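**Student:** sequence-free structure coming up:
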């Protein structure tokens with residue numbers, strides 16, 4: 001029962017009790033039953049007449065009871081009518097029907113939130129119960145989410161949590177609104193689960209702001225809440241696809257930096273730059289160059305404060321005006337990414353990029369739609385159409401239904417191999433901070449990119465040279481991961497155990513400045529991907545190029 005119904009019920013019984021006591025107090029020789037009966041006929045206005053002749057005080061009480069009671073009864077009738085006619089009664093019946101089905105599920109996923117993120121996640125899940133308000137999506141959506149049971153209501157309602165079977169679920173995924181809302185809700189669900197004996201349910205919360213994830217991930221992990229950036233996960237997959245598509249068009253390894261054009265509206269710009277800087281590191285020891293359009297001074301100042309030494313892994317040219325304002329750039333970009341506040345604006349800028357740079361591969365010019373809606377068939381209406389993607393619809397849904405970070409298992413495998421080869425004690429995966437887990441996940445994500453490089457050039461150059469080229473890329477990727485987390489070069493010899501806290505590291509230097517042992521680590525990280533290519537004959541003991 002929601003709060004308004006509680007208030008209405010308490011008010012009704014309060015008038016009955018108050019009127020009864022008032023009549024009983026002011027009228028002599030009245031029994032409690034006489035006073036209750038007089039109160040009831042006054043509240044309901046049935047007109048049976050007075051039980052006994054009323055005194056002046058009794059008439060005053062009767063007027064108060066009639067006025068207050070009439071208002072409450074009218075309110076009750078209107079609410080009951082609205083409940084039945086307005087669909088709430090049908091909604092309650094539908095909710096109970098869904099709850100009956102949900103009681104049969106175990107090891108399922110409970111989704112809190114039916115926005116664009118929640119719907120995209122639901123599409124890949126075999127057993128899913130979603131909690132949220134009706135979003136009136138078209139039949140197309142409901143068809144793709146046909147395995148999802150939907151409990152319509154407020155995500156904060158503990159009764160709905162129980163109906164959805166959070167205690168029997170494998171995951172509870174919270175993506176109901178803002179980061180703060182999601183965080184508050186996830187912690188409440190965790191406390192709810194902790195009161196249930198034997199529950200092993202994972203609680204995963206979507207926090208899109210990187211700074212918030214960085215600050216609270218480890219603390220929340222200790223509380224039993226896992227943090228994930230769903231926008232970041234989608235962007236990582238998209239950036240990997242874009243980079244591989246770019247590599248497949250190469251005839252030779254590039255002798256210049258990778259050039260990327262970006263214009264993104266809103267807070268997503270920071271995440272886009274972080275992800276691209278971490279993934280588009282395929283130029284050997286040449287840092288990628290980004291031209292960022294439409295960014296104000298306030299954003300640039302905030303970005304530089306959060307990532308003070310980002311220039312060690314990439315170069316960024318900040319432009320106040322939007323793309324195309326200053327005419328055609330002298331150098332054609334290799335990749336272009338546009339994500340504006342509306343679908344049509346994103347598509348317009350992507351088309352403009354192709355008209356200004358007709359030599360670009362249209363598949364490497366991406367118009368990212370915030371909520372879907374502009375379909376691919378519309379985008380294909382003309383020549384040289386850019387690639388149109390819906391960030392969550394196209395990249396967030398997981399076919400296996402697992403709510404986890406991209407490359408979770410692959411990251412575990414990389415860390416396990418590192419533990420086996422290290423000549424010193426290394427923490428197990430479960431003991432790592434979320435930051436170091438992410439480092440392994442990103443290293444795993446990059447393996448497909450190195451594999452694409454190997455497939456493209458294995459017959460054109462010596463494998464030892466290919467390994468060295470990829471190792472340089474890997475070092476810049478590792479640097480970008482740290483620098484885009486706010487790390488700085490350690491120039492003061494900080495103790496290893498304090499580096500994470502102070503966000504410093506001594507290896508944030510050029511590849512040629514590393515020790516040979518450190519360069520060997522980078523070669524070791526890329527060699528498995530290159531050896532997985534067809535025709536590879538290299539061995540783990542390949543020497544560095546002379």
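**Tutor:** Arrived safely. The model shown is predicted, which means the values in this text are computed figures rather than measured ones.

**Student:** flag every buried residue along stretch 518-534.
**Tutor:** 519, 521, 522, 523, 524, 525, 526, 527, 529, 530, 531, 533 (16 or more other CB atoms under 10 Å). (C-beta placed from N, C-alpha, C; glycine too.)

**Student:** so the second one versus residue 449, what's the distance?
**Tutor:** Translated: residue 521. Distance of residue 521 to residue 449, computed by CB to CB, to the nearest Å: 18 Å.

**Student:** do the same with the fifth one
**Tutor:** Applying CB to CB, the value for residue 524 to residue 449 is 17 Å.

**Student:** what about the top helix by length along the chain, distance to the chain center?
**Tutor:** Longest helix of the chain, by residue count under DSSP state H: helix 56-85. Going by CA atoms, centre = their mean, to the nearest Å, the spacing between the C-alpha centre of helix 56-85 and its chain's C-alpha centre is 48 Å.

**Student:** report the buried residues of that helix.
**Tutor:** 58, 61, 62, 65, 66, 68, 69, 72.

**Student:** for stretch 181-191, same thing?
**Tutor:** Neighbour count says stretch 181-191 has 182, 183, 184, 185, 186, 187, 188, 189, 190 buried, by 16+ other CB under 10 Å.

**Student:** next up, phi/psi of residue 468, please.
**Tutor:** Backbone torsions for residue 468, taken as degrees, to the nearest 10, come to phi -70, psi -40.

**Student:** around it, how many other residues sit close by?
**Tutor:** 22 (other CB atoms under 10 Å).

**Student:** could you do residue 454 as well?
**Tutor:** 25.

**Student:** what do you get for residue 326?
**Tutor:** 10.

**Student:** and what about residue 326, helix, strand or coil?
**Tutor:** coil (DSSP: H, G, I helix; E, B strand; the rest coil).

**Student:** now do the same contact list for it.
**Tutor:** residue 319 (CB atoms under 8 Å, 6 or more residues apart in numbering).

**Student:** just to revisit the earlier point, so which of the buried residues of stretch 518-534 are in helices?
**Tutor:** Filtering these for helices - DSSP H - leaves 519, 521, 522, 523, 524, 525, 526, 527, 529, 530, 531.

**Student:** which among those gets closest to residue 501?
**Tutor:** Using CB to CB, residue 521 comes nearest to residue 501 of these, at 23.2 Å.

**Student:** per-residue pLDDT, the closest one?
**Tutor:** Looking at residue 521, its pLDDT reads 90.

**Student:** what's the distance between it and residue 361?
**Tutor:** 34 Å.

**Student:** which residues of the chain score low on pLDDT?
**Tutor:** For the chain, the stretches flagged by pLDDT under 70 are 1-5, 47-49, 79-92, 134-147, 328-329, 371-383, 397-406, 534-546.

**Student:** per-domain residue ranges of it.
**Tutor:** For the chain, automatic domain parsing gives the domain ranges 3-85, 102-228, 232-395, 408-531.

**Student:** list the buried residues in stretch 418-438.
**Tutor:** 429, 432, 434, 435, 437, 438.

**Student:** the closest residue to the second one other than its chain neighbours: how many residues sit nearby?
**Tutor:** When you say that, I think you mean residue 432. Excluding the flanking residues, the one nearest residue 432 by CB to CB, 6 or more residues apart in numbering is residue 415, at 7.2 Å. The number of residues packed near residue 415 is 22, by other CB under 10 Å.

**Student:** just how off-centre is the helix or strand harbouring residue 415 within its chain?
**Tutor:** Using DSSP states H and E, the secondary-structure element containing residue 415 is helix 408-421. Relative to its chain's centre, helix 408-421 lies at 25 Å (CA atoms, centre = their mean).

**Student:** ok, now stretch 101-115?
**Tutor:** 18 Å.

**Student:** show me the buried residues of stretch 181-191 that map onto helices.
**Tutor:** Reading helices off these with DSSP H, I get 182, 183, 184, 185, 186, 187, 188, 189, 190.

**Student:** how about the contacts made by the residue nearest to residue 432?
**Tutor:** Per CB under 8 Å, 6+ apart, neighbours of residue 415: 429, 432, 437, 440.

**Student:** can you give me phi and psi for the second one?
**Tutor:** Backbone dihedrals for residue 432, given as degrees, to the nearest 10, come out at phi -70, psi 150.

**Student:** quick one: it from residue 181, how far?
**Tutor:** In terms of CB to CB, residue 432 sits 28 Å off from residue 181.

**Student:** tell me which stretches of the stretch 401-546 of the chain form strands.
**Tutor:** 488-489, 504-505 (DSSP state E, counting those that start in this stretch).

**Student:** deepest of these, which one?
**Tutor:** Among the strands of the stretch 401-546 of the chain, ranked by average contacts under mean count of other CB atoms under 10 Å, first place goes to strand 504-505 (a mean of 19).

**Student:** who does it pair up with?
**Tutor:** strand 488-489 (parallel) (DSSP bridges).

**Student:** what's the spacing between the strand it pairs with and its chain's center?
**Tutor:** 29 Å.

**Student:** neighbouring contacts of that strand?
**Tutor:** 308, 309, 312, 503, 504, 505, 506, 508, 509.

**Student:** which of those fall within helices?
**Tutor:** Checking the contacts of strand 488-489 against helices, none of them qualifies (DSSP H).

**Student:** closest one of those residues to residue 129?
**Tutor:** residue 503 (40.2 Å).

**Student:** how many neighbours does that closest one have?
**Tutor:** Residue 503 has 17 nearby residues by other CB under 10 Å.

**Student:** related to what we said a few turns ago, let me have the contacts of residue 415 in CSV, extended by distance to residue 206.
**Tutor:** Shown next, in CSV, are the contacts of residue 415 (distance: CB to CB, whole Å):
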residue, distance to residue 206
429, 22
432, 21
437, 17
440, 21
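
**Student:** hmm, who's touching stretch 503-523?
**Tutor:** With CB under 8 Å, 6+ apart as the test, stretch 503-523 has contacts from 285, 309, 312, 467-468, 471-472, 474-476, 478-479, 482-483, 485-490, 492-494, 499, 542, 544.

**Student:** buried ones from these, can you make that a ChimeraX selection?
**Tutor:** In ChimeraX, the members of those classed as buried (16+ other CB under 10 Å) are selected with the following command:
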select :285,309,312,467,468,471,472,474,475,476,478,479,482,483,485,486,487,488,489,490,542
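
**Student:** identify each buried residue in the helix or strand hosting residue 301, please.
**Tutor:** Assigned by DSSP H and E, residue 301 falls within helix 297-306. Buried residues in helix 297-306, counting neighbours by 16+ other CB under 10 Å, are found at 303, 306.

**Student:** so which elements touch the next helix-or-strand element following it?
**Tutor:** As assigned by DSSP H and E, the chain's next helix or strand after helix 297-306 is strand 315-319. Using 3 or more CB pairs under 8 Å, 6 or more residues apart in numbering; DSSP states H and E, the elements in contact with strand 315-319 are strand 289-293.

**Student:** picking up where we left off before, could the ones in helices among the buried residues of stretch 181-191 be laid out in a markdown table, adding distance to residue 204?
**Tutor:** Output for those, formatted as a markdown table (distance: CB to CB, whole Å):
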| residue | distance to residue 204 |
| --- | --- |
| 182 | 10 |
| 183 | 12 |
| 184 | 15 |
| 185 | 12 |
| 186 | 8 |
| 187 | 13 |
| 188 | 14 |
| 189 | 10 |
| 190 | 11 |
